[in-house]
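>>> Sequence and predicted model, in that order:
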Amino acid sequence: MTDAARPLSEAQLRAVEEEYDPEARFRTVLKPVALLTGAILFLLSIYHFYTAGYGIPRATTHRGVHMGVSLFLVFLSFAAFPGRRHRTDGFAVLGIPVTDWIMAVTALIAALYVPWIYDQLAFRVGNPLPIDIAMGTLLLVTLLEAVRRSMGWPLPFIALLFIAYAWFGRSMPGILVHPGADWANIINHLYLTSQGIYGTALGVIATYVFHFVLFGVMAQRIGLGQLFIDLATALTGRFSGGPAKVSVLSSALLGTISGSSIANTVTTGALTIPAMIRIGFQRHFAAAVEAASSTGGQITPPVMGAVAFLMVEYLGIPLRTILIAAVVPAFMHFFGVLVQVHLEAKRLGIRGLTKEELPRAGKVLREGWLSVAPLILLVWMLMSGRTPFLSAFWAITACMAVYLIQRIRDEGLTGGIRATATGIYDGFVAGARQSLAVTAAAALVGVVIGVVTLTGVGFKIAFMVTSVAAEWAGDVHGLLGFLPFELFTIDTLTLLFTLVMTAVVCVLMGCGVPTTANYIIMVAVAAPVLGLLNVEPLVAHFFVFYFGVLADVTPPVALAAYAAAGIAGANGFKAGNTAFRLSMGKAMVPFIFVFSPSLLIVTEGATLQGFLLAFTGAVLGIVALSAAITNWLLAPLWRIERIALTGAALLLIAPEVVSTALGAGVLVAVLARQIHATRKGPVAAVQGQG
C-alpha cells in the first residue's frame, strides 16, 4: 500500500493511470517505431489543425483518413496482450509482431477504400461487389480487435451481439423478431452507407473532438491546469476540510479543458489526495472525493468530453445552446459534492490549510493570467456562434503563442524558440495519441447504430419498456387509491418508472463502455423510450448522458474511483461506494430536469418562475439529502431527523410549489432544532440519536 500522505512520483502516477485506464496502456517500442509513430501522430494533428482553420474535406474522405491512420497507429501502439511477454524472434519487425503490422496495414487500406470508391457508391449501395464485402469484413474484424486492445472486451462484445441480432432476426422471440439480413446486406449497411461505421459518431470525433483533445493537451502545457489547482487552493484551502474543497473546485475548473475522468483524477488527485489524508480524512474518503469531483469534468462546459458535439449533430441545435443547458446541472453536481465534503469536515472537526500552506490568489493570477487567455478566447468564440472546429483552431493557436511567450521569457529568444518547437511537437503527438482509442470506439459504435437503423430494434425496446412502466404505474396507482387525494397521476408514475429503468441500464452499460460510446448507444436505444412519453429530445439526451457518466464512480467497475484509490492506497470498492454517495446530486438532478425542464434554461416553455422554483428546490434538496447521508447539519442528527430530511429532499426536487414549500418547511424545522440544541451545548445536540 502506498504512503499517500506523500505525493506520488510522476512515474507512479503514470502507472496508476495505465492500470485503470486501458486507453493509456501504450506499449514500449523500439526507437525506430517510436520515431515512426511519433511522426505520423504529429502529421495527424497537423492535418486536423489545418482542416479546422482552412476547411474540412468531403465528410467520407475526412472520416476515412482519420479512422484509417488512427487504426494503423492503434495496432502499433497497443499490444494484443499487454500483460504478457511476446516471443518475437523471427516473427517481428522492429520489435512489433508481424501480425500487428499486417492488421495495421489492412485496417488502413480497408478504411481508405470507401473514400477511394466514393464516386461509385451511388451505383454500389444496395448491390455491393465481392470486393466491397471483403473490404468491409476486413475493416469490421480489425476494428473489433483495435477496440479490444485499446478499451477492452465490453464494447466489442456488445457490437457482436448487435451483429448477431441483425443476422438471426428470424429466430428472435416475440416483438424482437425481424426479417433478418444476410452478410452482404449487413456489410452494405454498415460499411458503404453513412448509417454505420462512417456515421455521425466517427464524424464528430474527426471533426470536433480531436481538436478539443488537442486543445486540452496544449492548455495543460502552458500551465492552465496547474493554475486551476493553485487558484482553487488559494480560494478554498483555508476552510474546514480545505484540501477536499480544493479537489472539488480544481476538478470543476480542470473539467473546462479536459473531459477524461481518470486523467482528471490523476492530475488533481496527485496533490489533493495526499493533502486530504494528511489533515485527517480517511483514505477511501479522500479517494472518493477526488473521483466524484473528477467525473464532473465530463459534464462541465465547454468541452464535456465529446458529448456536447454529438448533441449538436443529433439534435441539430447550436453548441452554445447545449453549453448553456449544461451549466446549472454541472453546478448542481459540484455543489452536491462540496456540501457533503463540508458537512463531513465539520462532523470530524477537520481543519483547513494553514496560511503558510496557501498560495495567494492575487499572486497566482498575476503570474499565470496569460494561461487563461486561450480558454477565454475559446468560450467567447463558441458563445458568439463560431463553429466548434474554428474556435478550437484559434484556441490552439493562442496556446502556441502563449507557450512561445513563456519559453522566450524563461529561456531567451534562441532557447525559447527551440523549446517551443519541441513543446508543440510533443503536445501534438500527445494530443493525437489520446484520440486513438476514442476514434476506434466511435467507429465501432457506428456498427451498433447501424444495426439499430437496419432492424428498428430501438423502437421495439421503447415499446417494451414503456409497456412495463405503464403496468407498474397502474399497480402503484391502485395501491395509493386509499388516499383522499391523487398524489401521483398514472402518467407521472409511468414516466418515473421509465426513467428509473433507463437510468439503471445507462449505469450498467457504462460499467464496461466508455462514456461517449455509452451515450451514443443509449441515445439510439433509450432516447426513443423517453420520446414516446413526450420528453423533450434535449432533456432525454442529457438524462442518458448523466447516468452514463455516473458509471465511472459506480461499483463494481468504478474506474475513476479505483484510480483515486490507487493514489490513496485505499480499498477501491469502498472508495467507489463513497464516491457514488458523494455523487447523489448528479443522480438527483436528471430527474429534476425531466420533470422541470426549465432547469436547463433553453428548453421549450422554460420560464423564469419555473427555473427559480426548480433551482431553489434542487439546491435545498441537495442540502437536505447531503445532511441525511452525512448525519450532520449543524450537529449530529436524530434518526427521525435523517428520515425527515430524506423525505424533504424528495419533496423539494418535485417541480411543484406545494411540495417545495413542504420540503423547505421540514428542512427549516430540523435546522431550527439544531440551532436551539447547539446553543445549549454538545450534550443537547446529540440527545435523541440512536
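That came in fine, so what should we check first? A quick note: this is a predicted structure, and the numbers were derived from the prediction, not measured.
>>> my read: Leu637 touches Leu667, true?
No - Leu637 sits out of contact with Leu667 when judged by C-beta atoms under 8 Å, with a separation of 11.9 Å. C-beta coordinates here come from the backbone N, C-alpha and C atoms, glycine included.
>>> any shared contact partners between these two?
With contacts defined as C-beta atoms under 8 Å, 6 or more residues apart in numbering, the residues shared by Leu637 and Leu667 are Leu645.
>>> what's near enough to touch Pro82?
Residues in contact with Pro82 (C-beta under 8 Å, 6+ apart) are 25, 27.
>>> how near is the residue lying closest to Arg149 once chain neighbours are set aside to Val451?
When the adjacent residues along the chain are set aside, Arg149 lies closest to Phe78, with 4.0 Å between them (C-beta to C-beta, 6 or more residues apart in numbering). From Phe78 over to Val451 the distance is 26 Å, taken as C-beta to C-beta, to the nearest Å.
>>> swap in Ile643?
To Val451, Ile643 is 47 Å away according to C-beta to C-beta.
>>> So for these two, which residue has more residues nearby?
Per other C-beta atoms under 10 Å, whichever of Ile643 and Val451 has more neighbours is Val451, with 28 against 12.
>>> Report the secondary structure state of the more buried one.
Secondary structure of Val451, reduced to three states by DSSP: H, G, I helix; E, B strand; the rest coil: helix.
>>> which stretch of helix or strand covers the nearest residue to it once chain neighbours are set aside?
With C-beta to C-beta, 6+ apart as the measure, Phe162 is the residue that lies nearest to Val451, at 4.1 Å, once sequence neighbours are left out. Assigned by DSSP states H and E, Phe162 belongs to helix 154-167.
>>> helices and strands around that helix, which ones?
In terms of contacts (3 or more C-beta pairs under 8 Å, 6 or more residues apart in numbering; DSSP states H and E), helix 154-167 is packed against helix 130-151, helix 183-191, helix 388-455.
>>> Of all the ones you listed, which one comes closest to Trp101?
Nearest to Trp101, of all the helices and strands packed on helix 154-167, is helix 130-151, at 12.2 Å by C-beta to C-beta.
>>> Show me how the protein divides into domains.
With automatic domain parsing as the criterion, the domains of the chain are listed as 24-154+180-223+361-450, 607-690.
>>> how many neighbours does His358 have?
His isn't right for residue 358; it's Leu. The number of residues packed near Leu358 is 18, by other C-beta under 10 Å.
>>> can you redo the helices and strands packed on helix 154-167 as CSV with mean pLDDT and distance to Tyr50?
Shown next, in CSV, are those (pLDDT from 0 to 100; distance: least, C-beta to C-beta, whole Å):
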stretch, mean pLDDT, distance to Tyr50
helix 130-151, 96, 25
helix 183-191, 94, 28
helix 388-455, 93, 9
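>>> Find the centremost residue of this protein, please.
The chain has Gln298 as the residue nearest its centroid, 3.7 Å off, counting by C-alpha atoms, centre = their mean.
>>> Tell me if I'm right that that residue and Ala308 touch.
No - Gln298 sits out of contact with Ala308 when judged by C-beta under 8 Å, with a separation of 10.0 Å.
>>> Please report the distance of the residue nearest to the centre of the chain from Asn518.
With C-beta to C-beta as the criterion, Gln298 and Asn518 are 11 Å apart.
>>> Ile640: neighbour count?
The local packing count at Ile640 equals 12, with neighbours defined by other C-beta under 10 Å.
>>> Then Arg14?
Look at Arg14: counted by other C-beta under 10 Å, it has 13 neighbours.
>>> just Trp369 next, same as before
When neighbours are counted by other C-beta under 10 Å, Trp369 registers 10.
>>> And it, which helix or strand is it part of?
Assignment of secondary structure by DSSP H and E places Trp369 within helix 361-383.
>>> what comes up buried for that helix?
Using 16 or more other C-beta atoms under 10 Å as the burial criterion, the residues of helix 361-383 that qualify are 364, 368, 370-375, 377-379, 381-383.
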